[in-house]
Each structure stands twice: as structure tokens, then as C-alpha cells.
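>>> I need the structure of the sequence given here:
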Amino acid sequence: MTRVIRRKQKLPAFAATDESRNAQTQPKRTRVTVLDYNEQRADYRTIANIEECAAFKHLDSVTWINVDDGSEPALVGALAKTLGFHPLMQEDIQNADQRAKVEDHGDHLYIALKMLDYSEQRDSIEVEQLSLVLGAGYVITFQERAGDFFEPLRARIRESVGRIRRLNADFLAYSLLDIIIDRYFSILERLGERIESVEDAVASRPRPETLRTLHGLKRDLLFMRKAIWPLKETVASLRHLTTPLIAKTTQPFLRDLQDHLEQVIEGIDTYHSLLADARATYLATQSNRTNTIMKVLAVFSAVFMPLTFITGVFGMNFRIMPPLDWEWGFAVTLASMTVIGLAMAAFFVRKRWL
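Numbers count the residues shown, from 1 in each chain. Take a look at the predicted model:
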């Protein structure tokens, strides 16, 4: 049964990291990476001093600042002071239970959403909050833990694949959202495979474990819908925001994101209906199996009922019972019981009750 797990690691206070250190011997530390690029160059590095981020705010390039642990108060406070974040936005970044939303703070936008991933090893859906800040020429992402699935995007930027190096920060924000939504499709596909296997189990030989698996999959689909539905409203709000931070050329891409979210939600609803049908089939199969067993037991009871009557008659303690003194009484009684039993069985078969 698939489980939903929130993975959150509480790391020590912000400090510089050396990627060459052995992770097994050194404590885990919050890492801040900066990817600064334009059409001619791309510079990727890890920074140790938050004040360095202020310089990227005024460059004629696009800067992506990624923070591995957005729950670290000292780190978020330093960035807020450097870049001028609203205090309420700082609280939202550190609160991992935010509903997907977008807030317009004038010179920057704040977007909160859920990143979902499927762990084959744990057989679980892992959830993590991503806080995204979009400003003029920069994007800041706050994650709950180290590690993500944005490396293909970083590779595209470094190798100048596609149009991303020619466009502004709003297109970078779109690209991040697009990768997250594509991951939703992957998880939905994995759940679809599990639903198909459960349907096969229901059709062949359902067991009590099958029903528990059905309930687990239903819970996972409801969890996904709860996480994704607010994001659909968030993307719709982004499309209708009147802000210079989102160019008109980016609007079609946001509309494409909204279409993808519609497809994911429709897929979730479809799988939810399939699970409901599979559950109904399971219950009907169990009911039919119970009816079949009861029918067989009823037939056996009907066959043995006259035989029980005969043995009951001969079991009465009367002093005078003529058949008891007859030489062939026992044999004739057994033969009669056999004939009656076979005749009743043949009658049930002829009536197609067996």
C-alpha cells in the first residue's frame, strides 16, 4: 500500500559548504547555490555569504538562487534583509504546510506549491514544499531538503539548450513549475500501473489485502488532488496578474501549465472512478462467492435432511420396532438412504442448482 510521507530534515545553521568533503564525516549544512546566466555565459557556484546575493539583484542577467533548507530562520532572515522580503512572506517560507498560492509584493512575487515525488524504494509519495520568489531578473527557490529533480534544467542553462538563456526570469520560473507538473504526471502514471494490477487481482482472486490496497490508492489520489488543485488556481492567478514581472510572451506558457494541470486532475478523477468500480467489483465478487458457498451448503443440508430423519426414526427408544428385528433391515435402510440421496442430487443437477 502506497504511503504519503513528508520528508523534512532539520539542518544546522547556515554555513559555507565544501562539496569535496566526505558527507559521512561532515555534518550536513545548508547549501546556497547561484546560477547566473545570460545569452553569452552561465556561471554556477556555491556561495557562503548571503550578502553576495545583493549584487545579483542589479545585474543585466538572470540569477537563480537555490536554498536547500528554507526552514532555517537565520538564512531566510538574512535573505529577507538583503532582498527586502515582507515579514509575512518570511513566515510562509519557513512554514512547510502552506497551501499553493501566489502573492504580489510589488517588486517580487511569492509562489508556494507542493513538489511530489514517488519513491520506489519506500513505496511512498514524498511531499516537499517549494517556495519560489520571482523578481526582476532573479528567481529564488527555497526547498525543505537537499536534492531535487531540477538538474536537467540546470544542464539546459549551462549548455544553452533551447530558448531559456535568451529569455527573462519569468521564463525560468515557468520552467521550474513545468518540471514540477511533469513530475505529477510521472507519479500519476506509477499509480495507474498499481491500479491496473489491483484490477487484475480483483478480477482473478481478490483477497482482504486487495481491499486495503484499494483504500491506500484512493487515499493517495485524494492527497494528490488536494495538493494539485490549489496550484491550478495559482497558475490561473499568475495569468491574470497585472505585473511587469511576467511578460506577455510568457502568458502562453502559463496557459500550457494550466492545461497540464487540468489533465492531471482529470487523470486523478478517472483513476478515482476506476478504484470505485474496482471496489464495487470486489464487494460483488465476495458477495457472489459467499452466495455460492451458501448454495452448496444448502444443497448438502437438503440432501442430508431426509437421511437425518430416517436415522432419527431408528434412533428412537421404542421397545417394539418391527424393522429392528428384521434380518435385512439395516441393509435395506442404508440402500434406501443412498437412493434418496442420489435422487435428490440428480434432481438438483437437473434444476441446475448445482
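>>> please, which helix or strand holds Val34?
Under the assignment given by DSSP states H and E, the secondary-structure element containing Val34 is strand 32-37.
>>> and the following helix or strand past that strand, how far out from the chain's middle?
Towards the C-terminus, the helix or strand next in line after strand 32-37, according to DSSP H and E, is strand 42-47. Distance, stretch centre to chain centre, for strand 42-47: 34 Å (Cα atoms, centre = their mean, to the nearest Å).
>>> what of stretch 145-163?
Its chain's C-alpha centre lies 24 Å from the corresponding centre of stretch 145-163 when counted by Cα atoms, centre = their mean.
>>> just the helices in the stretch 101-250 of the chain please.
Counting by DSSP state H, counting those that start in this stretch, residue ranges of the helices within the stretch 101-250 of the chain are 151-159, 169-204, 208-240.
>>> oh sorry, the question was meant for the stretch 251-354 of the chain
Listed in chain order, the helices of the stretch 251-354 of the chain (DSSP H, counting those that start in this stretch) span residues 251-314, 322-325, 329-350.
>>> so which of these gets nearest Thr210?
Taking Cβ to Cβ as the criterion, Thr210 comes closest to helix 251-314 out of the helices of the stretch 251-354 of the chain, the separation being 6.3 Å. For the C-beta atoms, the positions are set from N, CA and C on the backbone; glycine is no exception.
>>> and Ile47, how far from Pro306?
Distance check for Ile47 against Pro306: by Cβ to Cβ, to the nearest Å, it reads 93 Å.
>>> Val299 and Val349, how far apart?
In this structure, Val299 and Val349 are separated by 10 Å, where distance is defined by Cβ to Cβ.
>>> could you check which of these two has the larger neighbour count?
Residue environment comparison for Val299 versus Val349 gives the larger neighbour count to Val299, 16 against 11, counting by other Cβ atoms under 10 Å.
>>> quick one: low-confidence ranges for the stretch 1-150 of the chain?
In the predicted model of the stretch 1-150 of the chain, residues 1-30, 54-55, 57-58, 70-71 satisfy pLDDT under 70.
>>> if we use 90, what do you get?
1-33, 38-61, 65, 67-99, 105-108, 117-128, 135-137, 143-149 (pLDDT under 90).
>>> surely Val102 and Asp92 touch.
No. Under the criterion of Cβ atoms under 8 Å, Val102 lies out of contact with Asp92, with a separation of 11.3 Å.
>>> which residues do the two both contact?
In terms of Cβ atoms under 8 Å, 6 or more residues apart in numbering, Val102 and Asp92 are both contacted by the residues Tyr110, Ala112.
>>> check contacts around Gly341.
The contact partners of Gly341, taken as Cβ under 8 Å, 6+ apart, are Val303, Phe304, Leu307.
>>> ok, 7 Å please
Taking Cβ atoms under 7 Å, 6 or more residues apart in numbering as the criterion, Gly341 is in contact with Val303, Leu307.
>>> now it: how far from Val299?
Computed with Cβ to Cβ, the distance linking Gly341 and Val299 is 11 Å.
>>> on that earlier part again, among the helices of the stretch 101-250 of the chain, which comes closest to Ser119?
Across the helices of the stretch 101-250 of the chain, closest to Ser119 is helix 169-204 (Cβ to Cβ), at 10.2 Å.
>>> what angle do that closest one and helix 208-240 make?
Between the axes of helix 169-204 and helix 208-240, defined by axes from the mean of the first three to the mean of the last three Cα atoms, to 10 degrees, the angle is 160 degrees.
>>> from the contact counts, what lies against helix 169-204?
Under the contact criterion of 3 or more Cβ pairs under 7 Å, 6 or more residues apart in numbering; DSSP states H and E, the helices and strands touching helix 169-204 comprise strand 62-67, strand 108-119, strand 124-135, strand 138-142, helix 151-159, helix 208-240, helix 251-314.
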